[in-house]
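**Student:** Here's my sequence, what's the structure:
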Amino acid sequence: MPWLILLLAGLFEIAWAIGLKYTEGFTRLWPTVATLAAMGVSMVLLGIAMKSLPVGTAYAIWTGIGAIGTVLLGIILFGESAAFARLFCVLLILAGVLGLKLSAPS
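**Tutor:** Next up, the predicted model:
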């Protein structure tokens, strides 16, 4: 269950990272409210997951999920670069996240 909670925390991290773009520097009310709510949910879920997962593993996986998802949505939503080198680096992050998950205690 902590791994599922950590995954959800990472998905909410993606939501708030993408939401930051839509706040336009926190000048738009509803995108700002949604972004701050996603931040809160993400942090609470991360804290819950860390009750039973190693702190370094949980934090690294949480940031990895956020980084990978934000890069991919940046490409899809905002037309950001999908250059080979950039995607290769995302694959390296994914390899690190999977390695941490596979080497972590259950």
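**Student:** Just the residues contacting the longest helix along the chain, thanks.
**Tutor:** If you go by DSSP state H, the chain has its longest helix at helix 55-78. With Cβ atoms under 8 Å, 6 or more residues apart in numbering as the test, helix 55-78 has contacts from 2, 6-7, 9-11, 13-14, 17-18, 21, 42, 46, 49-50, 80-82, 86, 90, 93-94, 96-97, 100-101, 104. From N, CA and C alone the C-beta is placed, and that goes for glycine too.
**Student:** Which residue is the nearest non-sequential neighbour of Pro31?
**Tutor:** Counting by Cβ to Cβ, 6 or more residues apart in numbering, Tyr22 is the residue found nearest to Pro31 once chain neighbours are left out, at 4.0 Å.
**Student:** residues touching the one you found, list them.
**Tutor:** So Tyr22 contacts 28, 31, 35 (Cβ under 8 Å, 6+ apart).
**Student:** Please pick the buried ones from these.
**Tutor:** 31, 35 (16 or more other Cβ atoms under 10 Å).
**Student:** Export the contacts of Tyr22 as a markdown table, with columns for distance to Ile76.
**Tutor:** Formatted as a markdown table, these follow (distance: Cβ to Cβ, whole Å):
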| residue | distance to Ile76 |
| --- | --- |
| Arg28 | 21 |
| Pro31 | 18 |
| Thr35 | 18 |
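**Student:** Mind exporting the C-alpha coordinates of stretch 62-81 to PDB?
**Tutor:** Output of stretch 62-81 as PDB, limited to C-alpha atoms (Å, rounded to 0.1, in the frame of the first residue of the first chain):
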ATOM      1  CA  TRP A  62       8.600  10.800  -5.700                       C
ATOM      2  CA  THR A  63      10.800  13.400  -7.400                       C
ATOM      3  CA  GLY A  64      11.600  10.900 -10.300                       C
ATOM      4  CA  ILE A  65       7.900  10.400 -11.000                       C
ATOM      5  CA  GLY A  66       7.400  14.100 -10.900                       C
ATOM      6  CA  ALA A  67      10.300  14.800 -13.200                       C
ATOM      7  CA  ILE A  68       9.500  12.200 -15.700                       C
ATOM      8  CA  GLY A  69       5.800  13.100 -15.800                       C
ATOM      9  CA  THR A  70       6.400  16.800 -16.000                       C
ATOM     10  CA  VAL A  71       8.900  16.400 -18.900                       C
ATOM     11  CA  LEU A  72       6.500  14.200 -20.800                       C
ATOM     12  CA  LEU A  73       3.500  16.500 -20.300                       C
ATOM     13  CA  GLY A  74       5.700  19.500 -21.100                       C
ATOM     14  CA  ILE A  75       6.400  17.900 -24.500                       C
ATOM     15  CA  ILE A  76       2.700  17.000 -25.000                       C
ATOM     16  CA  LEU A  77       1.000  20.200 -23.700                       C
ATOM     17  CA  PHE A  78       3.600  22.900 -24.400                       C
ATOM     18  CA  GLY A  79       5.500  21.600 -27.400                       C
ATOM     19  CA  GLU A  80       8.800  21.400 -25.500                       C
ATOM     20  CA  SER A  81      11.700  19.700 -27.100                       C
END
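**Student:** Before I go, just wanted to say thanks for your time.
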